[in-house]
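Participant: predicted model follows, preceded by the sequence.
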Amino acid sequence: MAFQSEQPRVHPLETEFPGLLESPENRQLSEYLQLQKEHQSVPERLLDLLWEKGQRWEVVTPNSTSSSTFTSGYTTPCFDAHRFGPLLATDAEGRPELEPRHLPGGRVQRLVAPGEDVRYFTPLELLQIHGFPKSFHFPETVTEHQRYKLIGDSISVDVVAELLRYLLFEKIKAASS
């Protein structure tokens, strides 16, 4: 009697599980960026203040494949603003990096000169980075400041989906083996 190779059972939900990413480590930030010209600029006064204090800020480019987290304080104009999330260098070639600290994924923590071509990510870009569906929209009554705060307090849909996939499928498979 010949043995037939037994195919592992795959639950239908496993192949249709929402939020699964094919290769999250290879996605560049450019895939999430809006093409429109109007963006949230960084106040010159804030750039001046951080420059005077010699405070470094994480700066990413459209070619970066990672960034630090975005917190609910993102876009808050204060001396600790550099701790709330990265800036996007809109001129990928840009000017020479000033006192850079290179981080993984094409990230750089460096001084940002006043007048430099950097901006904040928009709420829509942040939603896409967090894995929210393109159909998601805030009610019109939610201000831009509230949107940044809500996004900063949220968690990544893609990360939660991957954790649930692992708990529901991988851990169960391992336990039944």
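Facilitator: It's in.

Participant: please name the residues that touch the spatially most central residue of the chain.
Facilitator: Compute the mean C-alpha point of the chain, and by CA atoms, centre = their mean the closest residue is Ile129, 4.4 Å away. The contact partners of Ile129, by CB atoms under 8 Å, 6 or more residues apart in numbering, come to 29, 32, 67, 70, 121, 156. Quick note: C-beta positions are derived from backbone N, CA and C, even for glycine.

Participant: what is the burial count for the residue lying closest to Trp57 once chain neighbours are set aside?
Facilitator: In this structure, Trp57 finds its nearest non-sequential neighbour in His82, 4.1 Å apart by CB to CB, 6 or more residues apart in numbering. Neighbourhood size, His82 [other CB atoms under 10 Å]: 18.

Participant: separation between His82 and Glu170?
Facilitator: Distance check for His82 against Glu170: by CB to CB, to the nearest Å, it reads 38 Å.

Participant: can you show me the helices along the protein?
Facilitator: Secondary structure of the chain (DSSP state H): helices located at 12-15, 44-53, 123-129, 144-152, 157-165, 171-176.

Participant: kindly indicate which of the contacts of Ile129 lies nearest Ser135.
Facilitator: Tyr32 (15.8 Å; CB to CB).

Participant: not counting sequence-adjacent ones, nearest residue to that closest one?
Facilitator: Gln128 (4.3 Å).

Participant: isn't Glu144 up against Leu126?
Facilitator: No - taking CB atoms under 8 Å as the definition, Glu144 is not a contact partner of Leu126, at 11.4 Å.

Participant: and the nearest residue to Gly54 once chain neighbours are set aside, bridged to which residues?
Facilitator: Counting by CB to CB, 6+ apart, Gly54 lies nearest to Leu111, which is 6.8 Å off, once chain neighbours are set aside. Beta-bridge pairing for Leu111 (DSSP bridges): Leu98.

Participant: what's the spacing between Leu111 and Leu103?
Facilitator: In terms of CB to CB, Leu111 sits 15 Å off from Leu103.

Participant: circling back: looks like the residue nearest to Tyr32 contacts Ser30 (just checking).
Facilitator: No - in this structure Gln128 lies outside contact range of Ser30 using CB under 8 Å: 11.4 Å.

Participant: what about Phe138, how many residues nearby?
Facilitator: 15.

Participant: let me fix that, I meant to ask about Arg45.
Facilitator: 10.

Participant: go on, Ser156?
Facilitator: Ser156 has 16 neighbouring residues, counting by other CB under 10 Å.

Participant: quick one: contacts for it?
Facilitator: 129-131.

Participant: which one of these is nearest Ile151?
Facilitator: For the contacts of Ser156, the nearest to Ile151 is His130 (6.5 Å; CB to CB).
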